[in-house]
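Participant: How does the following fold in three dimensions:
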Amino acid sequence: MDKQSESVTNKVFISNMVESAIRIGLIVILLMFTYDIIKPFILPVIWGAIIAVALMPICQKLESLYGGKRGLAATTIALLGIALLVTPLVMVSGSIVEGSTHALHVLQEGNIQIPGPKPSVAEWPLVGEKLHEVWSLFATNLEKAIQTFMPQIKTALTSLLGMVGNVLSSLLLSILSLAIAAGFMTYSKSLSSGLTTIAVRIAGDNAQSWASMIAATIKSVLLGVIGVAAIQSLMIGAGFFVFGVPGAGILTLILMILCIAQLPALLVVLPIVGYMYMTQDTTTATLFTVWVVVAALSENIFKPMLMGRGVDIPMPVILLGAIGGMLFYGIVGLFLGAVILAIWYELFVWWLNMEKAHQQEEAAKHESEAVQISK
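Facilitator: This is a model prediction of the structure:
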């Protein structure tokens, strides 16, 4: 009887195990198909949430001006954002098309004249002699120079076309993200209620404070990283346009991307400074140098002022998270990395405070016991 009962129990266990495995497998398959379906929308939704959090204060102010019509306020912000994105791209595209047309016209006429390098270029450390040799070749025999460096030219053109494609895809992503952000801002109350319920279920009582911290961290990164990059790019780009630097529009765009990626603006500025000294008089080149170098170093003033503003998280934690997230996940990683490190910092502080509270409780307990013994 015992063996028969044990056999029945084993059969039931195996049956339950197989049934559970089938159910889990079906859930995994369902999750895989679901992920494939929503994968194209994950990044725009994340960006939409980030933009919505950053622009929500502006939406609330517009809502009061529009008589409580939040949908109209959110739509206005989205349309203005799209206009701000498209207008500079159209201007830069016009500059690129104009430059390409002019270059093609010059090539067709065969009137290409490249000024030769100054003898002092050969005295530059490390690269001076090679640069002087290549520059002289392009200035004296352009056809031979193009044939010699054709593989490098093809690689550069391919990279340029790839960059243009990335810019266009990023523009489409930004437009879609702004539309999603408008939806988030319009239905922010119901979304906030639902997300708070989910967050409390996952993180417990800390969910409310973490939600506020995440919103403040996003705003801090927006001001400290993208805000500072925009300020630097506008200041340096203005110098490019004022002093007539060729390709000022595309250079400003490249500068903006480098600054957002937390790379030094001097990577773009210093070669342009060298070009100005070789093509302009000393006074003009010196004024340009002072302008752009001061603008390039301005991040050391603006970043401490804006990064970490309104957040209890130290600025180095947010900056490290933004840079690390950028390296692994691209632009959106600026925000994800900062948020993740901020949460870990809060957990670490909570753990330290818990240890301190435990030690204080133990000390109070021992003190109470000592008082009772003395009595």
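
Participant: going forward, measure contacts and count neighbours with C-alpha atoms only.
Facilitator: Fine.

Participant: what does the helix or strand that contains Met276 contact?
Facilitator: In this assignment (DSSP states H and E), Met276 forms part of helix 266-279. Here helix 266-279 makes contact (CA atoms under 8 Å, 6 or more residues apart in numbering) with 118, 251, 255, 285-286, 288-289, 292-293, 296.

Participant: Just the buried ones from the residues you listed, in ChimeraX syntax?
Facilitator: Typed into ChimeraX, the line below selects the buried ones among these, using 16 or more other CA atoms under 10 Å:
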select :251,255,285,288,289,292,293,296
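
Participant: Now, the contacts of helix 266-279 that are in strands?
Facilitator: Judged by DSSP state E, the subset of the contacts of helix 266-279 located in strands is empty.

Participant: Not counting sequence-adjacent ones, nearest residue to Leu320?
Facilitator: Ala338 (7.3 Å; CA to CA, 6 or more residues apart in numbering).

Participant: doesn't Ala322 make contact with the one you found?
Facilitator: Yes - in this structure, Ala338 is within contact of Ala322 by CA atoms under 8 Å, at 4.8 Å.

Participant: Quick one: mean pLDDT over the helix or strand harbouring Lys189.
Facilitator: For Lys189, the enclosing helix or strand under DSSP H and E is helix 188-203. Averaged across helix 188-203, the pLDDT comes to 69.

Participant: where exactly do the strands run in this structure?
Facilitator: Counting by DSSP E, the chain contains no strands.

Participant: what residues are up against Met326?
Facilitator: 261, 332-334, 337.

Participant: Now with 7 Å, please.
Facilitator: Neighbour list for Met326: 261, 333-334 [criterion: CA atoms under 7 Å, 6 or more residues apart in numbering].

Participant: ranking those residues by neighbours, who comes first?
Facilitator: Comparing these by number of neighbours (other CA atoms under 10 Å), Leu334 comes first, having 29 neighbours.

Participant: Name the residues of stretch 148-159 that come out as buried.
Facilitator: For stretch 148-159, it's none, nothing buried (16+ other CA under 10 Å).

Participant: Go ahead and measure how far it is from the middle of the chain.
Facilitator: Computed by CA atoms, centre = their mean, to the nearest Å, the chain-centroid distance of stretch 148-159 equals 29 Å.

Participant: same question, stretch 328-337
Facilitator: 6 Å.

Participant: List the contacts of that stretch.
Facilitator: So stretch 328-337 is in contact with 218, 221, 321-326, going by CA under 7 Å, 6+ apart.

Participant: again, 6 Å this time
Facilitator: Stretch 328-337 has contacts (CA atoms under 6 Å, 6 or more residues apart in numbering) with 218, 321-322, 325-326.

Participant: May I see the ChimeraX selection of the buried members of those?
Facilitator: Restricted to buried positions by 16+ other CA under 10 Å, the ChimeraX selection for these reads:
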select :218,321,322,325,326
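
Participant: Out of the contacts of stretch 328-337, list just those in helices.
Facilitator: 218, 321-322, 325-326 (DSSP state H).

Participant: picking up where we left off before, per-residue confidence at the residue nearest to Leu320?
Facilitator: 78.

Participant: Tell me who's in contact with it.
Facilitator: Counting by CA under 6 Å, 6+ apart, Ala338 has contacts 318, 321-322.

Participant: where in the stretch 51-200 of the chain is pLDDT low?
Facilitator: 88-116, 120-124, 126-127, 141-146, 153, 160, 163-167, 194-196, 198-200 (pLDDT under 70).

Participant: ranges for the helices of it?
Facilitator: Ranges of helices in the stretch 51-200 of the chain, per DSSP state H, counting those that start in this stretch, are 70-109, 128-140, 142-148, 150-186, 188-203.

Participant: next one: the stretch 201-350 of the chain
Facilitator: Going by DSSP H, counting those that start in this stretch, the stretch 201-350 of the chain shows helices at 207-221, 228-242, 248-260, 266-279, 282-296, 299-306, 315-329, 333-374.

Participant: Take those and lay them out in TSV including distance to Ser169.
Facilitator: Shown next, in TSV, are the helices of the stretch 201-350 of the chain (distance: least, CA to CA, whole Å):
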stretch	distance to Ser169
helix 207-221	23
helix 228-242	21
helix 248-260	15
helix 266-279	24
helix 282-296	28
helix 299-306	29
helix 315-329	16
helix 333-374	18
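
Participant: among the ones you listed, which is nearest Glu129?
Facilitator: helix 266-279 (15.9 Å; CA to CA).

Participant: and the closest one, average pLDDT?
Facilitator: On average, helix 266-279 scores 83.
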